[in-house]
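In: Attaching a predicted model along with its sequence, questions to come.
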Amino acid sequence: MDLEVVTIGTELLLGFTVDSNAAEISQALASIGGQVSRRTTVGDERDAIRAAVADALHRARFVIVTGGLGPTKDDITKHAVANIFQAPLELDRDYLATLERRFEKLGRGPMPETNRSQALVPRGAIVLPNPRGTAPGLWLEGAVGAVVMLPGVPHEMRWLLTHEVVPLCQERIVRGGGTPSMTRSRTLRTTGISESQLAVDVQAVEPGLAPITLAFLPTLGGVDLRLTAWSMPQAQADTALEAAVAALRPVLEMHVYGEGETDLAAVVLQALRRDKLSLAVAESCTGGLLGGRLTAIPGSSDCFAGGVISYANDSKVRDLGVSPALIDEFGAVSEQVAEAMAVGVCRRFETDVGVAVTGIAGPSGGTPEKPVGTVCFGAKVRHKQRAITRWIPGGRQEIRARATQAGLDAVRRMLQHD
């Protein structure tokens, strides 16, 4: 099942809004064997919308459109699509009544007259109910092909895609005599290793992964490895993916910390719970990002005690007990100070585990010996202590984000090794 996606909105072209809808549509349709061959974005202009949808229909004959279904004057998608199908807009009184009840239920008073336009439906279109908003989805078919129109609001689009569009597309595939197949993926999350080194490490086993394909996806937190089974029956795809994961994990060793959307902070917390340990953090250049990552995980209070943001040297001395002589001799950004910070925060919070981060996030403050991006990490797990130095590329915020991930990884590796 080949299709194209057309996303509509001048704000998308201007860059004020990121087009997440197209990505979600591609992922959802791939899961049932659909293949998005092209994605197009146009502004809120009737002729541009009509041309984009007509061109897509000429190529694919099945098109999903998002955006331009609201109640305002720039919401003109269905007018443009109805023109292609020569299907006049007609008032759907049942949907109009649904809209009026929705406004009454929400306690917003009488429905504004502008919303009445959302009950106008191209003749012959199937109305896809939208319990998350006022604009319904519309499925319109004719001699030129089929167009599915969805609202541009992401959570509304997502609900209709999952509950209406995907099931209808599955029925369409079965009616057409297609073999039930899908594109399925699994993702291995790695950190603490570069994309180029990963490529070297897996090259010996990569040919044996076929027909599974492997993609390297760098992020601020590391490199994700996306394994994909293309257009296979579900059982066959799942078996092939499981075999590919089993082949990769021994090669990747400790660089893998999870699958899918796994958060490294959650992995650290799980390890702490497993070993009945408590954790505290001491942060300088990350300024609370490390503690923020941990507290973003529900239930973290059962093993995360707290932290200290010791940005100034005085704070490192006063709040963490770091020796002034240590700072004078080695500098605030040093393995010696990072290790002392980790020990000090354990002492202050009476925890088994401590992690510390101190570095130069820039854009100024670097020296030839310690350039911007130099970050030192200290970790203490029970009676063991460790300190490492890394040079982290990027701007200030990228350095801080990557340093946060590296701090969590330092603890994970010590806990795993221990």
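Out: Now that the structure is in, tell me what you want to look at.
In: Look through this structure and report the residue furthest from the middle.
Out: Residue farthest from the centre of the chain, counting by Cα atoms, centre = their mean, is A325 at 44.6 Å.
In: can you tell me the helix or strand for it?
Out: helix 324-330 (DSSP states H and E).
In: Ok, M341 next?
Out: Assessed by DSSP H and E, M341 sits inside helix 335-349.
In: Pairing partners for the helix or strand that that helix is followed by, with directions?
Out: With elements assigned by DSSP H and E, the helix or strand that comes after helix 335-349 is strand 353-359. Note on strand 353-359: by DSSP bridges, its sheet partners are strand 279-283 (parallel), strand 374-381 (antiparallel).
In: and the biggest strand by length in the chain, what other elements does it pack with?
Out: Ranked by residue count, the top strand of the chain under DSSP state E comes out as strand 222-232. With contacts taken as 3 or more Cβ pairs under 8 Å, 6 or more residues apart in numbering; DSSP states H and E, strand 222-232 sits against strand 182-190, helix 195-202, strand 213-219, helix 234-252. Every C-beta, even on glycine, is put in place using the N, C-alpha and C of the backbone.
In: what does the longest one rub up against?
Out: Pointing back at helix 234-252 there. Residues outside helix 234-252 that contact it (Cβ atoms under 8 Å, 6 or more residues apart in numbering) are 180-186, 188, 190, 198, 201-202, 204-205, 208-209, 211-212, 214, 225, 227, 229, 232, 256, 259.
In: Repeat the analysis, applying 7 Å as the threshold.
Out: The contact list for helix 234-252 (Cβ atoms under 7 Å, 6 or more residues apart in numbering) reads 182, 184, 186, 188, 190, 201-202, 205, 208-209, 211-212, 225, 227, 229, 232, 256.
In: And for stretch 359-368?
Out: Here stretch 359-368 has contacts from 284-285, 333, 370, 372-376, 396, 399-400, 403, using Cβ under 7 Å, 6+ apart.
In: Sticking with A305, tell me its helix or strand.
Out: Applying DSSP H and E as the criterion places A305 in strand 304-309.
In: CA atoms only: put that strand into PDB for me.
Out: Extracted in PDB, the C-alpha atoms of strand 304-309 (Å, rounded to 0.1, in the frame of the first residue of the first chain):
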ATOM      1  CA  PHE A 304      17.300   9.500  45.000                       C
ATOM      2  CA  ALA A 305      18.000  11.500  48.000                       C
ATOM      3  CA  GLY A 306      18.800  14.900  46.500                       C
ATOM      4  CA  GLY A 307      21.600  17.000  45.200                       C
ATOM      5  CA  VAL A 308      23.800  20.100  45.400                       C
ATOM      6  CA  ILE A 309      24.400  22.700  42.600                       C
END
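In: now the angle from it to strand 279-283?
Out: Relative orientation of strand 304-309 and strand 279-283, computed by axes from the mean of the first three to the mean of the last three Cα atoms, to 10 degrees: 10 degrees.
In: and strand 304-309, what other elements does it pack with?
Out: Under the contact criterion of 3 or more Cβ pairs under 7 Å, 6 or more residues apart in numbering; DSSP states H and E, strand 304-309 touches strand 279-283, helix 289-295, helix 335-349.
In: Select, out of those, the one closest to E4.
Out: helix 289-295 (38.7 Å; Cβ to Cβ).
In: out of the helices and strands packed on strand 222-232, which comes closest to F349?
Out: strand 182-190 (28.9 Å).
In: name the helices or strands packed onto the closest one?
Out: Right, strand 182-190 is packed against strand 222-232, helix 234-252, strand 256-259 by 3+ Cβ pairs under 7 Å, 6+ apart.
In: Export those to CSV and append columns for mean pLDDT, mean neighbour count and distance to D55.
Out: Putting the helices and strands packed on strand 182-190 into CSV (pLDDT from 0 to 100; neighbours: other Cβ atoms under 10 Å; distance: least, Cβ to Cβ, whole Å) gives the following:
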stretch, mean pLDDT, mean neighbour count, distance to D55
strand 222-232, 90, 19, 26
helix 234-252, 94, 15, 33
strand 256-259, 96, 19, 39
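In: of all the helices and strands packed on strand 304-309, which lies closest to Y311?
Out: strand 279-283 (8.1 Å).
In: Tell me where the model's unsure across the chain.
Out: Low-confidence segments of the chain (pLDDT under 70): 174-181, 418.
In: Specify the angle between the helix holding M341 and strand 304-309 in degrees.
Out: Relative orientation of helix 335-349 and strand 304-309, computed by the same axes, to 10 degrees: 130 degrees.
In: picking up where we left off before, of all the helices and strands packed on strand 304-309, which one is nearest S37?
Out: Of the helices and strands packed on strand 304-309, nearest to S37 by Cβ to Cβ is helix 289-295, at 38.5 Å.
In: May I have that closest one as CSV, with CA atoms only?
Out: Taking C-alpha atoms only, helix 289-295 is exported to CSV below (Å, rounded to 0.1, in the frame of the first residue of the first chain):
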residue,chain,number,x,y,z
LEU,A,289,20.0,18.9,34.8
LEU,A,290,21.2,15.6,36.3
GLY,A,291,18.8,15.8,39.2
GLY,A,292,16.1,16.9,36.8
ARG,A,293,16.6,13.8,34.7
LEU,A,294,16.3,11.6,37.8
THR,A,295,13.2,13.3,39.3
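In: residues in contact with that helix?
Out: 265, 269, 281, 283, 300, 304, 307, 357, 400-401, 404, 407-408.
In: For N115, state which of those residues is nearest.
Out: Nearest to N115 among those is A401, at 42.1 Å by Cβ to Cβ.
In: can you pull the contacts of the closest one?
Out: By Cβ under 7 Å, 6+ apart, the residues touching A401 are 220, 289.
In: Mind putting the helices and strands packed on strand 222-232 into CSV with distance to R46?
Out: Putting the helices and strands packed on strand 222-232 into CSV (distance: least, Cβ to Cβ, whole Å) gives the following:
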stretch, distance to R46
strand 182-190, 34
helix 195-202, 44
strand 213-219, 38
helix 234-252, 42
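In: OK, contacts around the residue lying closest to G70 once chain neighbours are set aside?
Out: Leaving aside its sequence neighbours, G70 sits nearest to A135 (Cβ to Cβ, 6 or more residues apart in numbering; 5.9 Å). For A135, the contact set (Cβ under 7 Å, 6+ apart) comprises 69-70, 118, 151.
In: Alright, I will stop here.
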